[in-house]
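K.L.:
return a 3D structure for these sequence lines:
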Amino acid sequence: MKTYDIAAYIWPAYTGDEPRTRMFWPQGMGEWQSVKDAVPKFPGHSWPRKPLWGYVNEADPYVMEMEIAAAADHGVNVFIYDWYWYDDRPFLENCLNDGFLKARNRDRMKFYLMWANHDANNLWDKRLSQDQKNVIWKGATDRQGFQRACRRIIDRYFSQPNYYRIDGAPVFQIYDLCNLVEGLGGMEETAQALKWFRAETVRAGFPDLHLQLTVYGRMPDLSGVDSGDRGSYSGIGSLLGFSSISHYQFVHFTDIDRDYGEILADVKAEWARLESQWDIPYFPHVSVGWDNNPRFTGMREGIVKNNTPEAVRQALLMAKAYADAHPGQPPLITVNSWNEWTETSYLEPDDLYGYGYLEAIREVFAAPEGSL
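P.N.:
Okay, the predicted model is just below:
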């Protein structure tokens with residue numbers, strides 16, 4: 001039976017253990033506060049929803065032991081932790097450091113980091129989220145801050161025995177290329193900084209660094225490289241040294257305010273476009289859904305319709321077929337997400353579909369061949 005690496009993103013905000021989260025969620029339970037307080041915005045709205053496991057602290061190793069077991073039993077074998085660096089120091093590391101890495105069964109699950117280097121604004125504070133012009137922390141960082149962040153990543157995480165690697169090289173994903181380039185001072189400076197990061201990774205004893213880029217509409221001006229098509233940056237792999245690309249969310253490249261089945265046609269076309277226009281491998285991505293109304297007091301337009309477990313199963317089958325059609329690259333598939341509750345794109349069981357999404361993954365990727 002062929003094995004696949006099913007990597008689910010983790011939003012590490014379901015804990016009150018990080019003191020700086022209290023400005024957004026003063027009740028001390030992290031963003032569970034917004035989940036718990038969610039209300040329906042229109043007749044038939046599928047909110048509020050409740051987690052079957054309760055409003056658990058995901059920085060608790062006993063909680064993560066339960067979650068790791070559930071994930072691994074259903075075929076999710078990699079967690080991609082959103083990782084933050086604001087004000088020249090890490091933010092929201094508790095779920096990874098105190099929860100996941102201290103879980104007694106952590107060897108059942110690989111993990112890697114995605115540097116979520118976007119600006120932090122009022123979005124996380126439901127009281128203020130209607131006005132997101134106020135930037136609390138900038139996601140861009142200068143070369144000195146970049147090097148401090150990278151050294152922390154190499155020393156604390158790459159060395160972990162269950163850190164996810166491709167051909168021995170630790171995988172590290174970067175979310176916002178614009179902010180990376182802005183902070184480092186330009187394209188040439190970014191290339192030099194990433195070259196330094198790779199050299200430091202090799203110096204630490206690894207054969208290489210696998211740099212992965214999140215692709216979506218927001219991209220910097222790559223003068224002389226951009227073909228003029230949105231998202232068409234065919235030379236970015238060789239220019240900056242990225243090894244692969246993937247997505248974080250369907251909402252980043254298509255209209256999601258419609259039926260999930262209709263969205264999948266655009267998803268398939270996007271995968272083909274990226275494969276033809278980029279010079280580095282694309283790893284297929286599946287999003288469970290989108291509805292970020294739990295983060296707002298008022299109504300937010302743009303909601304995925306009919307994203308049932310059966311509908312998402314069709315997306316997973318598409319991703320599997322893509323992986324099978326690319327035998328020369330690792331069978332890695334990214335999923336949004338393990339726990340993006342306030343964006344309504346999660347695999348964790350709830351009172352609406354139970355374990356339906358996890359069961360869909362198990363049916364597609366973990367069931368014996370011929371049993372589907």
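
K.L.:
from now on I want contacts and neighbour counts done on CA atoms only, so please keep to that.
P.N.:
Will do.

K.L.:
now do the strands in the stretch 1-150 of the chain.
P.N.:
5-10, 78-86, 89-91, 110-115 (DSSP state E, counting those that start in this stretch).

K.L.:
those strands: which one's closest to residue 104?
P.N.:
Closest approach to residue 104 among the strands of the stretch 1-150 of the chain (Cα to Cα): strand 110-115, 13.5 Å.

K.L.:
what about that closest one, distance to the chain center?
P.N.:
Chain-centre distance of strand 110-115: 9 Å, with Cα atoms, centre = their mean, to the nearest Å.

K.L.:
that older thread, out of the strands of the stretch 1-150 of the chain, flag the one nearest residue 332.
P.N.:
Judging the strands of the stretch 1-150 of the chain by Cα to Cα, what sits closest to residue 332 is strand 5-10, at 4.6 Å.

K.L.:
state the pLDDT value of the nearest residue to residue 41 once chain neighbours are set aside.
P.N.:
Leaving aside its sequence neighbours, residue 41 sits nearest to residue 299 (Cα to Cα, 6 or more residues apart in numbering; 6.0 Å). pLDDT, residue 299: 96.

K.L.:
returning to that earlier point: residue 343: which of the strands of the stretch 1-150 of the chain is closest?
P.N.:
Closest among those, using Cα to Cα: strand 5-10, at 12.4 Å.

K.L.:
what's that closest one packed up against?
P.N.:
If you count contacts as 3 or more Cα pairs under 8 Å, 6 or more residues apart in numbering; DSSP states H and E, strand 5-10 packs onto strand 78-86, strand 332-336, strand 339-340.

K.L.:
adjacent strands (with direction) for that strand?
P.N.:
Strand pairing for strand 5-10, determined by DSSP bridges: strand 78-86 (parallel), strand 332-336 (parallel).

K.L.:
now it - C-alpha only, PDB.
P.N.:
Written as PDB, here are the backbone C-alpha positions of strand 5-10 (Å, rounded to 0.1, in the frame of the first residue of the first chain):
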ATOM      1  CA  ASP A   5       2.300  12.500   3.800                       C
ATOM      2  CA  ILE A   6      -0.900  14.300   4.800                       C
ATOM      3  CA  ALA A   7       0.200  17.500   6.400                       C
ATOM      4  CA  ALA A   8      -2.400  19.600   8.200                       C
ATOM      5  CA  TYR A   9      -1.700  23.200   9.200                       C
ATOM      6  CA  ILE A  10      -2.100  24.100  12.900                       C
END
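
K.L.:
starting at the chain centroid, how far to that strand?
P.N.:
What separates the centre of strand 5-10 from the centre of its chain is 8 Å, taken as Cα atoms, centre = their mean.

K.L.:
for stretch 66-84, same thing?
P.N.:
12 Å.

K.L.:
for that stretch, buried residues please.
P.N.:
67-72, 74-84 (16 or more other Cα atoms under 10 Å).

K.L.:
residues making contact with the lowest-mean-pLDDT helix or strand in the chain?
P.N.:
Sorted by mean pLDDT, DSSP states H and E, the helices and strands of the chain end with helix 236-240, the least confident at a mean of 80. Helix 236-240 is contacted by residues 187, 190-191, 194, 225, 242-244, 278-280 when judged by Cα atoms under 8 Å, 6 or more residues apart in numbering.
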